[in-house]
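K.L.:
need a structure here:
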Amino acid sequence: MRFLTLLVGSLLLVIVAVALLLSTPELGDVGGKPHERFSTMASGGSGSARHANVLWLGGLFGAASLAYYVALMAFGARKSSSLRGLGPPLAASLAVALAFWVWLLVSYARTMDGGAVSFFLTLPGPSAIMLYGLFPVTILFNLLYVIGYKRWVLTENDYQEYERVVKRIREKIRSRSS
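P.N.:
Next up is the predicted model:
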């Protein structure tokens, strides 16, 4: 039941965040002004004014999406209301992913309106966090799945049960066709 609650709850959060983002009115006079030096370019205006209503909703959407992804993995791996050892590494991976996500949002918010931009390996801070931090964490989720597949997803007992069910179905089909 906890898995289903986590799954449905995180999906509802994603839906609520999207609905709120779509229903947020556009702010007037924050973008599309002629650039002060390049006449063929439009200036976006104040970043904090542009993102004031939606940055936190984008953060909620990203966090809820990460939680939904983890809930899907947990829901698919569960057996008799147990994650068979997958829970702790999955929770730790989610915590690391959420930490990078929050770091990304804070770093992005600091750079709005001409704040100091830090660089890491030639990329601005938020881009570096996304590429060098958040992306490898998603690979960690894939590694958890691949390495732990036989232990958490399809165990030997599960496979033997599957073989028994297939054998019964084939025997039933043979008896009907005879």
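
K.L.:
check contacts around the residue nearest the centre of the chain.
P.N.:
Closest residue to the average C-alpha location of the chain: Leu66 at 2.6 Å, with C-alpha atoms, centre = their mean. Neighbour list for Leu66: 94, 97-98, 101 [criterion: C-beta atoms under 8 Å, 6 or more residues apart in numbering]. C-betas here are computed from N, CA, C, even on glycine.

K.L.:
okay, and which of those map to helices?
P.N.:
Members of the contacts of Leu66 lying in helices (criterion: DSSP state H): 94, 97-98, 101.

K.L.:
most surrounded residue in these?
P.N.:
Ala97 (23 neighbours; other C-beta atoms under 10 Å).

K.L.:
where's the closest residue to it other than its chain neighbours, which helix or strand?
P.N.:
The shortest distance from Ala97 to any non-neighbouring residue, by C-beta to C-beta, 6 or more residues apart in numbering, is to Val137 (4.5 Å). Taking DSSP states H and E as the definition, Val137 sits inside helix 135-147.

K.L.:
tell me what Pro34 is bridged to.
P.N.:
Ala42 (DSSP bridges).

K.L.:
for His51, see how far away it is.
P.N.:
Separation of Pro34 from His51 (C-beta to C-beta, to the nearest Å): 21 Å.

K.L.:
same thing with Ala19?
P.N.:
In terms of C-beta to C-beta, Ala19 sits 18 Å off from His51.

K.L.:
more neighbours, the two?
P.N.:
Neighbours were counted for Ala19 and for His51 using other C-beta under 10 Å; His51 has more, 18 against 11.

K.L.:
give the contact list for that one.
P.N.:
109, 112.
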